[in-house]
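Undergrad: test case, fold it:
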Amino acid sequence: MDVMEAARRAEEGGATVARLEVGQPGAPAPRLAREAAMKALSDGDSLGYTVALGMPALRERLSRMYSEVHGLDVPAERIVVTTGSSAGFLLAFLTLFDAGARLALADPGYPSYRNILASIDIEPVRLEATLATGYQPDPALLAAARAEGKIDGLLFASPANPTGTALSRGSLSALIEDCRAHGTAMVSDEIYDRLWYGEKPVSALELTDDAFVINSFSKYYCMTGWRIGWMVVPPDLVRTVERLAQNHFICPPHISQLAALAALDAEEELAGHMEVYRRNRALLLDSLPGMGFRDFAPADGAFYLYADVTGLTNDSADFARRMLDEARVAAVPGTDFDPVRGAGTMRFSFAGSTETVERAVESLGAWLR
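TA: Take a look at the predicted model:
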């Protein structure tokens, strides 16, 4: 967010900045979603409270989406519509853990995981993942963490932010079996599950009914500011989640639910965005290594490249500031995602336009020449 604000201020001052810092699609919400929202407003819909678990029609449509896209039978009764994925994480953590619990998660990882956990007195336990395992957790890392104390839960993300790496079916199955054997609760972040470039990511729902699965309309559906997401909950915990959701949020935004329902029928438009991401990804992978950025995470999915920058700097935060000030390219230092090793890494987002990525490549090439 600090890099994003610095880029905005530079643009206010008249600079043209190539924005590779924020994980936000450059495209607007699907046309069908925008039309549904405008219709609700023009028809004078009261847009009052909905039920806490979300509009039944949206939950039913999400259930059908799992059947159409993933070949999975996910009952609508297990689907909870949330105020963005952020609310989903909070509800999952509050449902599964008491204060003082310890939840393991891999670094590098999305920083808000740690911050949400700390805010409700749950200890985030760092698993120092490496490029060799795709920066993903594995049973060996969990065993090492358990040697230091009880692990009550594991959070994993596939594809992950900031690395874009995905767990293979075998790796995910091994994690799930390990958690079952040790009574460890599971939270699966599948926000980027529709954004993939090679083998289709495996959902935890294909292997277990015991995990909390978090998802969102923000990324694939290009609806970041609408603050609408969903989660799939183990059957015996739906009522607990409902009571927590009623008290914390009352309900997700009504107008956003209507837009999300329409967005689920916008597949043709959304498939076009995937072609843009593929072009952008290829452009960065072809260009950045020759500039000194190296050892990329595989970027199986999502819209990020996570690179080693130790050949260019030993302080990625300072490097990001200079890159913005001097090259007018915004990207995120790895310290956001890995407080211990992040000074040697950076994340580049290719969620924007191809023109933006081309401008970034040209500017970086001239700056680092």
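
Undergrad: for Val340, grab the count of nearby residues.
TA: Here the number of neighbours of Val340 (other C-beta atoms under 10 Å) works out to 10. No exception for glycine: its C-beta is placed from N, CA and C like everyone else's.

Undergrad: and the pLDDT for Ala101?
TA: Reported pLDDT at Ala101 in the predicted model: 98.

Undergrad: not counting sequence-adjacent ones, nearest residue to it?
TA: Residue nearest to Ala101 in three dimensions, not counting chain neighbours: Asp152, with 4.1 Å by C-beta to C-beta, 6 or more residues apart in numbering.

Undergrad: just list the residues touching Ala76, thanks.
TA: Contact analysis of Ala76 by C-beta atoms under 8 Å, 6 or more residues apart in numbering lists Pro56, Arg59, Glu60, Leu62, Ser63.

Undergrad: mind putting the residues you listed in a markdown table, neighbour count and pLDDT included?
TA: Formatted as a markdown table, the contacts of Ala76 follow (neighbours: other C-beta atoms under 10 Å; pLDDT from 0 to 100):
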| residue | neighbour count | pLDDT |
| --- | --- | --- |
| Pro56 | 13 | 98 |
| Arg59 | 23 | 98 |
| Glu60 | 15 | 98 |
| Leu62 | 21 | 98 |
| Ser63 | 19 | 98 |
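
Undergrad: take the residues you listed and lay them out in TSV including distance to Pro201 and secondary structure.
TA: Compiled in TSV, these are given as follows (distance: C-beta to C-beta, whole Å; DSSP: H, G, I helix; E, B strand; the rest coil):
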residue	distance to Pro201	secondary structure
Pro56	28	helix
Arg59	23	helix
Glu60	24	helix
Leu62	18	helix
Ser63	19	helix
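
Undergrad: can I get these in CSV with distance to Asn215?
TA: Listed next are the contacts of Ala76 as CSV, based on distance: C-beta to C-beta, whole Å:
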residue, distance to Asn215
Pro56, 18
Arg59, 13
Glu60, 16
Leu62, 9
Ser63, 13
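
Undergrad: tell me the one of the residues you listed nearest Thr310?
TA: Leu62 (43.0 Å; C-beta to C-beta).

Undergrad: can you give me the strands in the chain?
TA: 18-19, 79-82, 102-107, 123-128, 153-157, 185-189, 212-216, 229-232, 304-308, 329-330, 332-333, 345-349 (DSSP state E).

Undergrad: now the third one against strand 153-157, angle please.
TA: Computed by axes from the mean of the first three to the mean of the last three C-alpha atoms, to 10 degrees, the angle separating strand 102-107 from strand 153-157 equals 20 degrees.

Undergrad: ok, and what's touching strand 102-107?
TA: 93, 97, 113-114, 117, 122-129, 135-137, 141-142, 145, 149-156, 160, 184, 187, 337-341.

Undergrad: hmm, 7 Å instead?
TA: 97, 113, 117, 122-129, 135-137, 142, 145, 149-155, 338, 340 (C-beta atoms under 7 Å, 6 or more residues apart in numbering).

Undergrad: restricted to buried residues, select the residues you listed in PyMOL.
TA: Filtering the contacts of strand 102-107 down to the buried ones (16 or more other C-beta atoms under 10 Å) takes a single PyMOL command:
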select buried, resi 97+113+117+122+123+124+125+126+127+129+135+136+137+142+145+151+152+153+154+155+338
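
Undergrad: what residues are up against Ala36?
TA: Leu258, Ala259, Leu261, Ala262.

Undergrad: quick one, what contacts His273?
TA: Pro25, Ala27, Cys222.

Undergrad: what about the last one, how many residues nearby?
TA: Other residues within reach of Cys222 by the criterion other C-beta under 10 Å amount to 23.

Undergrad: one more: the second one?
TA: Ala27 is surrounded by 16 other residues when neighbours are defined as other C-beta under 10 Å.

Undergrad: any idea how far it is from Asn215?
TA: Separation of Ala27 from Asn215 (C-beta to C-beta, to the nearest Å): 19 Å.

Undergrad: how long is stretch 115-134 from one end to the other?
TA: Stretch 115-134 has an end-to-end distance of 23 Å (C-alpha to C-alpha, to the nearest Å).

Undergrad: how does this structure divide up, domain by domain?
TA: Domain ranges of the chain: 2-29+267-368, 32-263, per automatic domain parsing.

Undergrad: so Leu142 is in contact with Ile151, correct?
TA: Yes: using C-beta atoms under 7 Å, Leu142 is in contact with Ile151, at 6.5 Å.

Undergrad: mind listing what's buried along stretch 222-231?
TA: Applying 16+ other C-beta under 10 Å to stretch 222-231 flags Cys222, Met223, Thr224, Trp226, Arg227, Ile228, Gly229, Trp230, Met231 as buried.

Undergrad: tell me who's in contact with the fourth one.
TA: Okay, so that is Trp226. Counted by C-beta under 7 Å, 6+ apart, Trp226 has contacts Ala29, Phe217, Ser256, Ala259.

Undergrad: separation between it and Thr240?
TA: 26 Å.

Undergrad: with the first one instead?
TA: Distance check for Cys222 against Thr240: by C-beta to C-beta, it reads 32 Å.
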